[in-house]
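Trainee: pasting a predicted model and its sequence here:
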Amino acid sequence: MSERRKDNPLRLIAVLHLFLAVLVNCDIQPRFSCYNHYLAGIHRSSVLPIAGHHHSIQVLDLYHLRELVRRSQCTQTLTVNWKSAPEAGKGGIRVVSLLNETTRIEYSGEERQDFLFDESFAGVRHLIPDEDDYEFNPTVTTTRLLCKHIAQPECLVRGKFEVDLEANLEWNYALAFKTDTTNQTLFSLRSGDSISEVRLENDFFIRADGGVPVAVSHLSDATWHTVIVKHSEPDSHFLKIDDFPEIELTKSISDDTDKTVTLTISVNGNIQLIDPTDTNDDCMYSFDKPQKRLQETVSTRSMCVGCGCSKLSGTFDGLSKCDEEEEGAFSLRRDLDRLSFLHFEDSFDVDSNGAAIPAISTNFKSDSDVGLIFFGYWQNFNGKGRLQVYYHYNSISAVYCKHAEEKDEECSGCTLKNPRGFGRDEWIQTILWGGGDEIFLAVDSSVCRLQSSANVSLAEVYAIPQISQGAGLFVGGTWHEKKRRGLYRSEAEQKYFENTREKAPVLRGCVKDVFVRGAKVDISSSFEAQKEAMLNEVYDSNAFAVRKDCQKCTPSCSENTRCRSQGPLQSSPMICDCADELQFNSSEGICEKKRDSTPVALSTAFLSQNQIVLDIQNTKAVLSKVWLKFALPKQINQAQRIVNWTSWTIVSIFFSFNVGHRWIDGWHTVVSDIGKLVLNNVSVSAAETEDEWSSVIVHDFGLSYEYDEHFAVLHPSNVIHQVDLHSQLLPYQIRAPDLSKSGILDDSLWEKPVFTSETEGAAPILESSPHGDIVDFTADIIEPEQLLSARWILYSVALTILLCLLILVCVVCYWCVLRPRSMRRTDSGSQRTIMRDSPDYAPVKMRRESLSGVSMGDDDGSIGTDDTDLQAYRDIPSHRVKIYRESMVSILVPSIDQPAEAAIVKRTNSTISDQTSVRPQDSHAPLVRVNDD
């Protein structure tokens, strides 16, 4: 799509969401579609690269984009708004899809018309008005293009099969698998007498040829994972699983030219063929070839689902992750006077070297960005030590330290990261297990090995209780100085008390499914024993800030919104924190968007002042988040300051957004200690611009606060709340901007990116980016569409080579065959020469007729039905349209295990599938919102 003229009233404010991404510090490889990403272990709605080139940030190949639509079941809703009624027979537009289906839409007397496009009509590519400069042309918006990918049943294999590959060539072979078997052989490579075997061990580890196991991810979770086996260096073969780093196979497989390498896949589960050599023909002929042999075995055993999927069965008894069930859960609160933790005695075995052998696990969920998960200690005649697992924002860290035979403390540790953070009010499973030098931390599906290092930070790690003997484990918190005197027994205080500040704070949230020594414990009975051992009044139910069951919100919160206590007191009600979705809490306890959707142009032509100061009401709560949604000018000549945040703190602090850099949307940066900022006012600047095109347009502007846990806990303003700054700007507007020039707010442009893994270093980290780019109008295949296809380049090269060979053959034929014959005919006699010289054989001169009146081209009157047909219309003014926003496509990926009819397709009142002309719908028909999940 393209821009043509700035004053064109026909504006396509597109929401064609291409779920694409700039790869920032990550190694998520682009794949053909979101379906392929799903098979590679990405099972959440995500912003993902779908491109043919590793460094691409958008789909550069129009053929690729069309293939995505052609192979999927796609739908898209188009809304046409007529600001004024056009003259009879005018104001019509043609809608051209990615697959070159054309639909004509005309005014029918209704102010708004909604249309649903599906099949080959989905995917709006061009809007072509009858008259490009007609002042009554409508405004057109589209929803995101939703495509449901369907798994190919022909490509599903249950059992084992073999593939023969050339030993002396570079190659790679891809497949997807899912299994619930903890230990098994995944595949092997064989060439002659050389065999290399790859095994899955203990759910998380890959061991190649008996070497050191490599921690990868939870691969036996009965979900899909992608494996690529490749040969790219002499005598070297590599394995890549999902988006994790390559693993080199230790055994050398010879590159002997006389041999082949046989890849035998023997996964105990399901296999989905995804290699292009299979999918190019829909896997119909994959096993008709001698180099591929199928040994199918049909399994009657169904795979585990959810809570039925156990992990680390050699260490734990019945360990699994159950997100839905909350039975037996306990909630922990941070309190100024009371301790909050669960304590378990005799929690570890200790070996002869004085080192504990942990086998502990719990599920937790919290709304806080920091918290303590485990603190363990042990002390006997062989030695003593401590361990701790805690999280801070986007990192979970494990530290393990031991003293043996009067030696200095030796510590090891590792960290798993998730840019989404861990205080997101979702169940997260944390496991610590192992012994000796092989101790591991697992968080959900991610895993890391604790490494010995002198640089392990102990600043947030609690000390070993000095007089305690044996081994113990604190879950969710530990003993610290912040408590009321008289509640707790003095002997317990002397045993566990550490006379320092509270380090990693109490886990504010819920815990459940606690495992100690590899077995699940009864939290209720353990908590009763804890009260009896530590309290002066055993039946004092308020001595610990611990309660049975998790607190809930009514009504329940949306998927991306946390359920939180409104204030720091135990009696505070639970509410949904609407600022998580950049919204505001209503008086009814639900989340709503800003009060007024009128955009604000930061221009002296629209505002009464060039510097507006918005006062912020004093509060005892702490600043949590500030958001500003704005559209940039069409052209930026100089840097422009938009907003200043001022404070009466000792140091004058301000934030400013300087216009001049596009890459803003989707970037999430953490501002350290933002809660320490005391905002008294916000200053908004207006530039001296003439119209909407040259102005910054603000669509949403707000900030949010959360309660302070330590100070002014009784003050009524110390609660979670939000401030709508956008509404405070509206009274300063002289006139509202024209929506056809300022655009409309598309909230999905500011959706948080979804990150796919928690591992540090080995794991991919996914950042989102602006969702597209405006490109020149692409009328036909002759004009390079800024979507230059690598496939077309190969076709062009092949065609050029073919033509050169054809010309060469013609030249050889002429010189070797035709010319010798012609030379022989020149000696055939004088009679032929006399006849050639005769006037009757003189050449005839033909008169050239003018071709100027000849009309070439098709006569069906259509436009845009084929790429090559559009060359004839290059000079027609209406073949270019103006767009305001960037074009995008979103792909909705269901589980491939779901049947096609199980997917929900949301429609409006009119469906366009086979016809090329439709009548508008009822103007009052509701437009159904299409969800991503």
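Mentor: Structure received.
Trainee: use CA for all of it now, contacts and neighbours both
Mentor: Noted.
Trainee: my guess is Gln466 meets Lys495, correct?
Mentor: Yes: between Gln466 and Lys495 there is a contact at 7.0 Å, judged by C-alpha atoms under 8 Å.
Trainee: Glu498: neighbour count?
Mentor: Using other C-alpha atoms under 10 Å, Glu498 is surrounded by 18 other residues.
Trainee: for it, give its distance to Tyr732.
Mentor: 57 Å (C-alpha to C-alpha, to the nearest Å).
Trainee: name the residues linked to Phe584 by a beta bridge.
Mentor: Glu592 (DSSP bridges).
Trainee: so it touches Lys594, yeah?
Mentor: Yes: using C-alpha under 8 Å, Phe584 is in contact with Lys594, at 6.9 Å.
Trainee: common neighbours of these two, please.
Mentor: Asp724 (C-alpha atoms under 8 Å, 6 or more residues apart in numbering).
Trainee: neighbour-wise, which of the two wins?
Mentor: The neighbour count for Phe584 versus Lys594, taken as other C-alpha under 10 Å, is higher for Phe584 (25 against 19).
Trainee: what's the spacing between that one and His699?
Mentor: Phe584 is 15 Å from His699, by C-alpha to C-alpha.
Trainee: with Ser412 instead?
Mentor: Taken as C-alpha to C-alpha, the span from Ser412 to His699 is 49 Å.
Trainee: again, but for Glu170
Mentor: Distance from Glu170 to His699, by C-alpha to C-alpha: 53 Å.
Trainee: neighbour count winner among those two?
Mentor: His699 (23 against 13).
Trainee: name the SS class of the more buried one, please.
Mentor: strand (DSSP: H, G, I helix; E, B strand; the rest coil).
Trainee: could you do Tyr35 as well?
Mentor: helix.
Trainee: was I right about it contacting Gln152?
Mentor: No: counting by C-alpha under 8 Å, Tyr35 stays clear of Gln152, with 11.1 Å between them.
Trainee: ok, Asn363 touching Phe515?
Mentor: No: between Asn363 and Phe515 there is no contact under C-alpha under 8 Å: 9.6 Å.
Trainee: ok, residues contacting stretch 206-215?
Mentor: Contacts for stretch 206-215 (C-alpha under 8 Å, 6+ apart): 196-201, 204-205, 216, 249-251, 447-449.
Trainee: which entry within those residues corresponds to the minimum pLDDT?
Mentor: The weakest per-residue confidence within the contacts of stretch 206-215 falls on Lys251 (73).
Trainee: tell me how many other residues crowd that one.
Mentor: Count around Lys251 with other C-alpha under 10 Å applied: 18.
Trainee: quick one: it and Pro213, what's the gap?
Mentor: For Lys251, the distance to Pro213 - C-alpha to C-alpha - is 15 Å.
Trainee: and if you look at Lys384?
Mentor: From Lys384 to Pro213 the distance is 29 Å (C-alpha to C-alpha).
Trainee: more neighbours, these two?
Mentor: With neighbours defined as other C-alpha under 10 Å, Lys384 and Pro213 compare such that Lys384 has more, 25 against 16.
Trainee: remind me what the helix or strand that one falls within packs against, helices and strands.
Mentor: Using DSSP states H and E, Lys384 sits within strand 383-392. Strand 383-392 is packed against strand 370-380, strand 395-404, with contacts defined by 3 or more C-alpha pairs under 8 Å, 6 or more residues apart in numbering; DSSP states H and E.
Trainee: give the buried residues for stretch 144-155.
Mentor: Neighbour-count burial for stretch 144-155 flags 144-151, 155 (criterion: 16 or more other C-alpha atoms under 10 Å).
Trainee: thanks a lot, see you next time.
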